[in-house]
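Trainee: 3D model of this:
(chains A and B)
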Amino acid sequence: MRRLTFALLTLSGLTFAHHGVASLGAVGLEGPGAPLESSSSATLPEGSWLFYTKLDSVKWKKYSFSEFPDQKDRSDFWMFGVGYGFKPWLSLYLFVPYNVKKELRDGGEKSFTSRGFADVSLMAVLGFKYDRGLRLLPKKESLEDMMDWHFTLYGGISLPTGNANKKGYQGEFAPDMALGFGKPTLTAGFTATKQFVNLPELTFTLDTSYLKFFEHKYNTGDKYKFGDEVRVNTALSYRVFKDVQRSLRFDLLTELNYLHLQKDKENGLKLNDSGGDILYGVLGGRMYYKRASLGAGVKFPLWKDLNQQSQQQGAEGKEKYRLIMTFSLMF
Amino acid sequence: MLLLLLILLLYTAQAHELWIEKEGNLFILLYGHIKPNRGEEATVRYLPEQVLSFECLDAEGNRLKAELIKSYPLKLRGSCHMVQAVFSSGYWTKTPDGLKNLPKDQVKNPIESWYSVEIARRINAWKPRREPLSNDLEIIPVESPSSLRVGEKFTVIAYYKGKPLRDAPVYHNRRIVGSTDEEGRINLRVREKGIQLVGVTVREKDSTGKADYVLKTFYLIFEVER
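Mentor: Next up is the predicted model:
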């Protein structure tokens, strides 16, 4: 009841590929919609808490085991988060990921699973808007204010709490199967969101971000640096149903997510079978009930240009699909 | 919780609205649904005695001479910067048998009762100001309404007893769009041409003993032509 007469649900989405990007969104029964993967430009109302869960379940494409005896099978990236609105224009979040990565080994005869908590991350979001000039988000906004252009700048840092030295199958060095990156990673991003005045059921979102990784020296003596990431996401959400009496709303969502991955480096040398460009499509929906929100969707690569593509089984762009589910609760 | 209660009160008060239409120098007082939903009546016939006042005002709120035409619907003819009407549908009491248009001492088993007062102020020419015109409930625009176009936002300030009214739900053309901030302000947007009706409701203690409270609603009315 802080920024709108109607209770607004503020929702946080979080993408977590093999790396991680936080995203944020807010919505009310009549307010702007929130995408699944992209960040919208909402902040948490001052004094409000948000609890958040997301699952990004990836099924990897598999190829001939005679050519690739070891292949990624599936990965489940869980994310648990809590956020707090310190000011109407400043929200802080803590995210704790839990990863399950399963691969098939030795021609598919054996399997290996790496699971556990990964690197926690802290995220700060600064919200502002264009309302007869750029200004920080005020404490209260009407539904009509919500149709202004809204923006956020966000930044975060992860802490190397996950086990970066977790060994792979039979103790092999496998950074992509480890649970942490060994070093903090930095995220910086910008979002813009617009709910259309003439068609308030429709909300457009633009989200760009940069994720910076640092080289880590593993217990084996190897040095590894994951390639930095650039994301440019756009999303449209369309409110197809609302019931004010029951505080119920349902949105359909579609997104285009562009991802640029730099090559990873091992012992200072770029790995030619890493990195590339991928364009994903997302189709999904989001249901809101009172102060809870449940979102679900499918994400799949529409186009890709990967370096040494045939060697990148189990990397972004080589998914069969990603199933995305989120649940959040604000109070 | 208080805000939820006010929203419910606003919905109650919103059952019918009071507004003033303009035809040249003739101002017509109407009651009913300014933007009727399917199946709703646009206007509801009222009794002339339910209109406690219907006045022609200058931009400062001073009364001007005008001709009152007492046939239904009530009309006022004059050169008015503003026109203001005060209307009361009387006492209302909720009972196990339904809602009665009677004070609580005239019904069996009263559950909840109120006295309804509605004030409609139509602005035809506005002199920008930051102070209320009265010591009662009212809404004033910050900008001149005549300069507004479809799609533009505008700001209003709600006052009650001479002070900004904070955290009050505000509706605009039958949609609750938010609540006032600490300075009594809220931003609204012109969605369509024609009459704009902005409403706010407060609850006062009833001193007569005939009702639990007085439900007072103020409507700010103006037209956008472009």
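
Trainee: For stretch B:26-34, what is the distance to the chain centroid?
Mentor: Centroid separation between stretch B:26-34 and its chain, computed with Cα atoms, centre = their mean, to the nearest Å, is 11 Å.

Trainee: ditto for stretch A:94-102
Mentor: Mean C-alpha position of stretch A:94-102 versus that of the full chain (Cα atoms, centre = their mean) differs by 12 Å.

Trainee: before we move on, what about stretch A:56-70?
Mentor: Relative to its chain's centre, stretch A:56-70 lies at 23 Å (Cα atoms, centre = their mean).

Trainee: and if you look at stretch A:229-241?
Mentor: Chain-centre distance of stretch A:229-241: 12 Å, with Cα atoms, centre = their mean.

Trainee: Just the buried residues of it, please?
Mentor: Using 16 or more other Cβ atoms under 10 Å in any protein chain shown as the test for burial, stretch A:229-241 gives A:229, A:231, A:233-237, A:239. All C-beta atoms are positioned from the backbone trio N, CA, C, and that covers glycine.

Trainee: Likewise for stretch A:297-307?
Mentor: By 16+ other Cβ under 10 Å, the buried positions in stretch A:297-307 come out as A:297, A:299, A:301, A:304, A:306-307.

Trainee: Within reach of chain B, which of the residues you listed are there?
Mentor: Taking Cβ under 8 Å from any Cβ of the partner chain as the test, chain B is in contact with none of the buried residues of stretch A:297-307.

Trainee: Tell me which of the residues you listed fall in strands.
Mentor: Judged by DSSP state E, strands contain the following of the buried residues of stretch A:297-307: A:297, A:299, A:301, A:304, A:306.

Trainee: so what's the residue in the stretch 101-250 of chain A that chain B sits nearest to up against?
Mentor: Closest residue of the stretch 101-250 of chain A to chain B, Cβ to the nearest Cβ: A:Ser142 (3.1 Å). Shown in contact with A:Ser142 (Cβ atoms under 8 Å, 6 or more residues apart in numbering or on different chains): A:4, B:170, B:177-178, B:186-188.

Trainee: Now it: closest residue in space, sequence neighbours ignored.
Mentor: The shortest distance from A:Ser142 to any non-neighbouring residue, by Cβ to Cβ, 6 or more residues apart in numbering or on different chains, is to B:Gly178 (3.1 Å).

Trainee: any idea which element B:Ser116 lies in?
Mentor: Using DSSP states H and E, B:Ser116 sits in strand B:112-123.

Trainee: can you pull out the helices in chain B?
Mentor: Under the criterion DSSP state H, chain B contains helices at B:2-13.

Trainee: neighbours around the residue in it positioned nearest to chain A, how many?
Mentor: Nearest residue of chain B to chain A (Cβ to the nearest Cβ) works out as B:Gly178 at 3.1 Å. B:Gly178 has 25 neighbouring residues, counting by other Cβ atoms under 10 Å in any protein chain shown.

Trainee: just A:Lys72 next, same as before
Mentor: Residues near A:Lys72, counting by other Cβ under 10 Å, number 23.

Trainee: show me the contacts for it.
Mentor: A:60, A:101-104, A:313-314.

Trainee: how near is the residue nearest the centre of chain B to B:Ile195?
Mentor: In chain B, the C-alpha nearest the mean C-alpha coordinate belongs to B:Tyr219, at 2.5 Å (Cα atoms, centre = their mean). Per Cβ to Cβ, to the nearest Å, B:Tyr219 is found 10 Å from B:Ile195.

Trainee: Need the overlap of contacts for these two.
Mentor: Common contacts of B:Tyr219 and B:Ile195, defined by Cβ under 8 Å, 6+ apart, comprise B:Trp19.

Trainee: Tell me where the model's unsure across chain B.
Mentor: B:1-14 (pLDDT under 70).

Trainee: one more time with 80
Mentor: Applying pLDDT under 80 to chain B flags the ranges B:1-15, B:35-41, B:127-130.

Trainee: residues from it in reach of chain A?
Mentor: Selection of chain B residues close to chain A by Cβ under 8 Å from any Cβ yields B:3-4, B:7, B:151, B:153, B:169-170, B:172, B:175-182, B:186-189, B:191.

Trainee: Weed out the non-buried ones from those.
Mentor: Listed as buried from these are B:7, B:153, B:169-170, B:172, B:176-181, B:186-189, B:191; burial here means 16+ other Cβ under 10 Å.

Trainee: Would you mind confirming that the residue nearest to A:Ser142 makes contact with A:Glu141?
Mentor: Yes: using Cβ atoms under 8 Å, B:Gly178 makes contact with A:Glu141 at a distance of 6.9 Å.

Trainee: Which neighbours in the sheet does the longest strand along chain B have, and how are they oriented?
Mentor: In terms of residue count, the longest strand belonging to chain B (DSSP E) is strand B:82-95. Applying DSSP bridges to the sheet, strand B:82-95 is found paired with strand B:51-57 (antiparallel), strand B:98-100 (antiparallel), strand B:112-123 (antiparallel).

Trainee: need those in a markdown table with mean neighbour count and distance to A:Leu134, can you?
Mentor: Output for those, formatted as a markdown table (neighbours: other Cβ atoms under 10 Å in any protein chain shown; distance: least, Cβ to Cβ, whole Å):
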| stretch | mean neighbour count | distance to A:Leu134 |
| --- | --- | --- |
| strand B:51-57 | 18 | 39 |
| strand B:98-100 | 13 | 49 |
| strand B:112-123 | 22 | 31 |
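
Trainee: and stretch A:324-331, is it in reach of chain B?
Mentor: No: using Cβ under 8 Å from any Cβ, stretch A:324-331 never reaches chain B; the gap is at least 14.2 Å.

Trainee: The residue of the stretch 101-250 of chain A closest to chain B: what secondary structure?
Mentor: coil (DSSP: H, G, I helix; E, B strand; the rest coil).

Trainee: what does the one 10 residues further on give?
Mentor: Of the three states, A:Thr152 takes strand according to three-state DSSP.

Trainee: any idea how far A:Tyr130 is from it?
Mentor: 13 Å.

Trainee: Looking at these two, which is more packed in?
Mentor: Neighbours were counted for A:Thr152 and for A:Tyr130 using other Cβ under 10 Å; A:Thr152 has more, 25 against 13.

Trainee: Check what pLDDT that one gets.
Mentor: pLDDT, A:Thr152: 95.

Trainee: Over to A:Arg132?
Mentor: For A:Arg132, the model assigns a pLDDT of 87.

Trainee: count of neighbours near it?
Mentor: Neighbourhood size, A:Arg132 [other Cβ under 10 Å]: 9.

Trainee: Contacts only, for it.
Mentor: Contacts for A:Arg132 (Cβ under 8 Å, 6+ apart) come out as B:Lys153.
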